[in-house]
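In: below: sequence and its predicted model.
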Amino acid sequence: MTLTILDGATFCICADDGEINEGAHGFYADDTRFLSRLALRINGERPMPLSAGKVEYFAAAFFLRNPLAGGLGADELLIRSERFVTDDLQERIVVTNLAGDAVTIELTVELASDFADILSIKHHDFALGDPELAVALPPPVELIVVTAQAAQLVDPAGVLSTDVRSSRPALVSGSALWYALELPPHAEWDVRLTFRPRTGHTRPGRTPRARHFGEQRTRIQRSLRAWNMHVPQLRASWPELGQAYARSVSDLAALRMRGSDGIGLLPAAGMPWFMTVFGRDTVITCLQTLIFGPELAHTALRALTELQAEHDDPSIDAEPGKIIHELRRGRAAEVWFPRYYGTADATPLFLVLLSETWRWTGDDALVRELEPAMRKALRWIDEFGDRDGDGFVEFLRRSDHGLEVQSWKDSPDSQRFADGRIAEGPIASCEVQGYVYDAKRRCAELARLVLGDTALAERLERDADQLRENFDRAFWVQRAGGFYALALDGRKQPVDSRCSNMGHLLWSGIVPDARVADVARTLLAPPLWSGWGVRTMSAEDEAYRPLAYHNGTVWPHDNSLCAHGLSLRGATDASLRIVRSMLEAARFFDGGLPEVFAGLARRDTPFPVAYPTASRPQAWAAGAPVLLLRVLLGLEPDPLERTLAVRSGRLPEWAGSLSLTGVPAFGQRFDVHLKDGRAEVVAATEDSSTAVRG
């Protein structure tokens, strides 16, 4: 069992007794592992665990009992370790003599680092592949003595290091800090350790001075309080909703990356492999959480604009105007790539986010500021995204080390026909066409109402109308009641498995009115519907496996977009069915939703079955309950009236009563109440808040 604490892109993964010793365990910063071993020993033996747990998302505590070593009797010592992560990893070890006699012991802290990059470690993770087939990780280095209270772990290349500071003088024995303790009866001894990652340069906004233990804890706690006060406050009689919302607020706070490099408070995509900017995940998380205010979206739009591709570079799947898929730093950037652009959907989704942010804020200045990026993205869709000129956006890997599948279901085996065959590219994924349709309709609105470019607006509207018509003709499969194919393959044949992607089509609006009922019925029928949520693939398709990453599991973010799409197209009962099932599932995951869980049928499982390597916390999974709350209320912005509107009609009794106060939109704060089955916006005040700083 592992325990994880984090502060943005800096995090620690360890065993439940605090030890860092195997697999993906480690202290990480900048996509690099700066500690691969941290092991406490008493008289040469490992202490025995009593209890452990998180105190906050950034802090944990471990309680241990002494081993029977070096003459120690049972339970003579209580060992307590308090750990928290910030720019550094900081730890306080407290040893208490519980006995009536004095004791003399040796306490050692074994340390090592391999300075491996996060992607290479991912390839070694047992559940993600055979480690014997992966490239060998670097050998761990040992401690170098600096002073009696300082040591270093230094990367052989001489660029990276981990500075180790001790509040007490220590000897270095091998690769361990060594302390000799003489404890009188009932006496207490403690030491404070700080592990600081060094990358060969001082990062902007960071000070090189040593920090006192706990100083950064106060800063993080202050930031968390500010974040909790800034987001809308929810009071709900339905406990699953209240718990899931609170967990989402906490998880998104934990994932916020800090820095003065344009990333700001952007949430990292997910623990542990994706603690960085991911174009698609970043955009969808911001779309899910616009009821928190526009700050995350503003940061994302500007950061993604800064990272927008300028040149054609096949080695990283980049083309002019394309929005980035993945940003890497540190050793991962050296070994793999600093930037990678292998995604077909981030570019149209970037345009959707620009429009939706404007719809929630009426911020014409933002649209004008990002107009060049908008036009570049539109050009990419038409000139590079549409590889063969048929009006659809396709993907095909050009990079030797890039992704074979460049839509959200990016497993290499995810593009499957109903008979199980893997489709060959170039692949035109169905949901990507929906995103393009939505992006063009939305950019037409911005061109007409904000930029005053009527010619562009009319052209984009014509393009969108033609795409909708062509899409319906090419992707509709008249089988099993009718549904949209997962994709078109390189021969323009429909990849005819039934998948959750068609729910995204309702969200984007590309589905004609006459098809909405058929799509809704397919999504909520048992082959796709597990009872806990919509599966990624129908149980009647040959490639279906309830534990296959993208071929039968249930993804909360996916379900949140399906629910929102159903709601937007008037299929209220179907959308609320997803809302209820998702939030009931969250109860079995400590009140929050993981990245993914098994697609086993609810009738066969008393609880949703966990997926073994699901990211947690993960940004768009944390964003899912926030969007589901919005779907429950039917809450949508009205940019022309500069207000919020809610769905009319009665909601089911299980929704209970709720109040969501302080929803920011159009420079105001709105209060939304659900009572006796009806939701309404009841108040609005001036919003004098500013972005919450980390």
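Out: Yes, it's here. Residues are numbered from 1 along each chain as shown.
In: could I get the buried residue list for stretch 339-350?
Out: Going by neighbour count (16 or more other CB atoms under 10 Å), the buried part of stretch 339-350 is 339-350. Yep, even glycine has a C-beta here, placed from its N, CA and C like the rest.
In: ok, stretch 64-74 next?
Out: 64-67, 72.
In: do the same with stretch 459-475
Out: Neighbour-count burial for stretch 459-475, counted by 16+ other CB under 10 Å, picks out 460-461, 463-464, 467-468, 471-472, 474-475.
In: for stretch 473-487, same thing?
Out: Buried, per 16+ other CB under 10 Å, within stretch 473-487: 474-477, 483-487.
In: would you turn those into a markdown table with distance to His230 and pLDDT?
Out: Shown next, in a markdown table, are the buried residues of stretch 473-487 (distance: CB to CB, whole Å; pLDDT from 0 to 100):
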| residue | distance to His230 | pLDDT |
| --- | --- | --- |
| Ala474 | 45 | 98 |
| Phe475 | 42 | 98 |
| Trp476 | 45 | 98 |
| Val477 | 46 | 97 |
| Phe483 | 42 | 97 |
| Tyr484 | 39 | 98 |
| Ala485 | 43 | 98 |
| Leu486 | 40 | 98 |
| Ala487 | 40 | 98 |
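In: from those, which is closest to Asp312?
Out: When the buried residues of stretch 473-487 are compared for distance to Asp312 (CB to CB), Ala487 comes out closest, at 24.5 Å.
In: is the closest one in a bridge, and if so with what?
Out: Ser429, Val495 (DSSP bridges).
In: isn't it up against Ile422?
Out: No - under the criterion of CB atoms under 8 Å, Ala487 makes no contact with Ile422, lying 11.3 Å away.
In: find residues that contact each of these two.
Out: Gln415 (CB atoms under 8 Å, 6 or more residues apart in numbering).
In: tabulate the buried residues of stretch 459-475 (CSV), appending distance to Met229.
Out: CSV is the format used below for the buried residues of stretch 459-475 (distance: CB to CB, whole Å):
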residue, distance to Met229
Leu460, 40
Glu461, 42
Asp463, 44
Ala464, 41
Leu467, 44
Arg468, 44
Phe471, 45
Asp472, 47
Ala474, 50
Phe475, 46
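In: among the residues you listed, which lie within strands?
Out: Using DSSP state E, no member of the buried residues of stretch 459-475 falls in strands.
In: Val405: which of these is nearest?
Out: Distances from Val405 to the buried residues of stretch 459-475, taken by CB to CB, are shortest for Phe475, at 17.6 Å.
In: who's in contact with that closest one?
Out: Phe475 neighbours (CB under 8 Å, 6+ apart): 430, 433, 484-485, 488, 494.
In: and the gap between it and Glu22?
Out: 46 Å (CB to CB, to the nearest Å).
In: what does Leu89 give?
Out: Distance, Leu89 to Glu22, using CB to CB: 18 Å.
In: and those two? which has more neighbours close in?
Out: Higher neighbour count among Leu89 and Glu22: Leu89, with 26 against 13, using other CB atoms under 10 Å.
In: which residues touch that one?
Out: Leu89 neighbours (CB under 8 Å, 6+ apart): 12, 27, 35, 83, 194-195.
In: the residues you listed: which two are farthest apart?
Out: Most distant of the contacts of Leu89, by CB to CB, are Cys12 and Thr194, 13.1 Å apart.
In: which of these two has more neighbours?
Out: Neighbours per residue, other CB under 10 Å: of Cys12 and Thr194, the larger number sits with Cys12, 28 against 19.
In: before we move on, the earlier item: make JSON lines from the buried residues of stretch 64-74 and add pLDDT and secondary structure to it.
Out: What follows is those, written out as JSON lines (pLDDT from 0 to 100; DSSP: H, G, I helix; E, B strand; the rest coil):
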{"residue": "Leu64", "pLDDT": "95", "secondary structure": "strand"}
{"residue": "Arg65", "pLDDT": "94", "secondary structure": "strand"}
{"residue": "Asn66", "pLDDT": "95", "secondary structure": "coil"}
{"residue": "Pro67", "pLDDT": "94", "secondary structure": "coil"}
{"residue": "Leu72", "pLDDT": "92", "secondary structure": "coil"}
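In: out of the residues you listed, who's nearest Leu224?
Out: For these, the nearest to Leu224 is Leu64 (27.6 Å; CB to CB).
In: which ones are touching the closest one?
Out: Contacts of Leu64 by CB under 8 Å, 6+ apart are 17-18, 40, 47-50, 78-81.
In: hmm, try it at 6 Å
Out: Listed by CB atoms under 6 Å, 6 or more residues apart in numbering, the contact set of Leu64 reads 47, 49, 79.
In: show me the residues you listed that map onto helices.
Out: Counting by DSSP state H, those place none of their members in helices.
In: which one of these is nearest Pro294?
Out: Of those, the one sitting nearest to Pro294 (CB to CB) turns out to be Pro49, at 44.8 Å.
In: what are the bridge partners for that closest one, then?
Out: When assigned by DSSP bridges, Pro49 has beta-bridge partners Leu64.
In: against Ala485, how distant is it?
Out: Pro49 is 52 Å from Ala485, by CB to CB.
In: rewinding a little: from the buried residues of stretch 64-74, pick the one nearest Val631.
Out: Nearest to Val631 among the buried residues of stretch 64-74, counting by CB to CB, is Leu64 at 45.6 Å.
In: relative to Glu45, how far out is that closest one?
Out: According to CB to CB, Leu64 and Glu45 sit 11 Å apart.
In: then Asp317?
Out: Applying CB to CB, the value for Asp317 to Glu45 is 51 Å.
In: who has more neighbours out of these two?
Out: A direct count of neighbours by other CB under 10 Å for Asp317 and Glu45 places Asp317 higher, at 25 against 13.
In: from what I can see Tyr484 touches Ser429, true?
Out: No - Tyr484 lies out of contact with Ser429 (CB atoms under 6 Å); the separation is 10.8 Å.
In: now the common contact residues for the two.
Out: Common neighbours of Tyr484 and Ser429, using CB under 6 Å, 6+ apart, do not exist here.
In: so where is the chain shaky, pLDDT-wise?
Out: Scanning the chain for pLDDT under 70 picks out 125-134, 200-217, 219, 258-264, 648, 687-694.
In: checking the residue lying farthest from the centre of it next. Helix, strand or coil?
Out: The outermost residue of the chain, judged against the average C-alpha position, is Asp101 (51.5 Å), by CA atoms, centre = their mean. State at Asp101, reduced to three classes by DSSP: H, G, I helix; E, B strand; the rest coil: coil.
In: cool, and His557?
Out: For His557, the assignment made with three-state DSSP gives helix.
In: got the residue ranges for the helices in the stretch 251-400 of the chain?
Out: 279-288, 295-306, 330-335, 346-361, 364-369, 371-380 (DSSP state H, counting those that start in this stretch).
In: wait, a helix at Tyr28?
Out: No - assigned with three-state DSSP, Tyr28 falls outside any helix and is strand.
In: check which helix or strand Phe195 maps to.
Out: Phe195 belongs to strand 188-198 when assigned by DSSP states H and E.
In: pull the CA atoms of the next helix or strand after that strand into CSV?
Out: Under the assignment DSSP H and E, the closest C-terminal helix or strand after strand 188-198 is helix 215-230. What follows is helix 215-230, C-alpha atoms only, in CSV (Å, rounded to 0.1, in the frame of the first residue of the first chain):
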residue,chain,number,x,y,z
GLU,A,215,7.7,27.6,7.6
GLN,A,216,6.4,26.4,4.2
ARG,A,217,3.6,24.4,5.9
THR,A,218,2.2,27.7,7.1
ARG,A,219,2.4,29.1,3.6
ILE,A,220,0.6,26.1,2.1
GLN,A,221,-2.1,26.1,4.8
ARG,A,222,-2.7,29.8,4.2
SER,A,223,-3.0,29.2,0.4
LEU,A,224,-5.4,26.3,1.0
ARG,A,225,-7.6,28.5,3.2
ALA,A,226,-7.7,31.2,0.6
TRP,A,227,-8.6,28.6,-2.1
ASN,A,228,-11.4,27.2,0.0
MET,A,229,-12.8,30.6,0.7
HIS,A,230,-12.6,31.6,-3.0
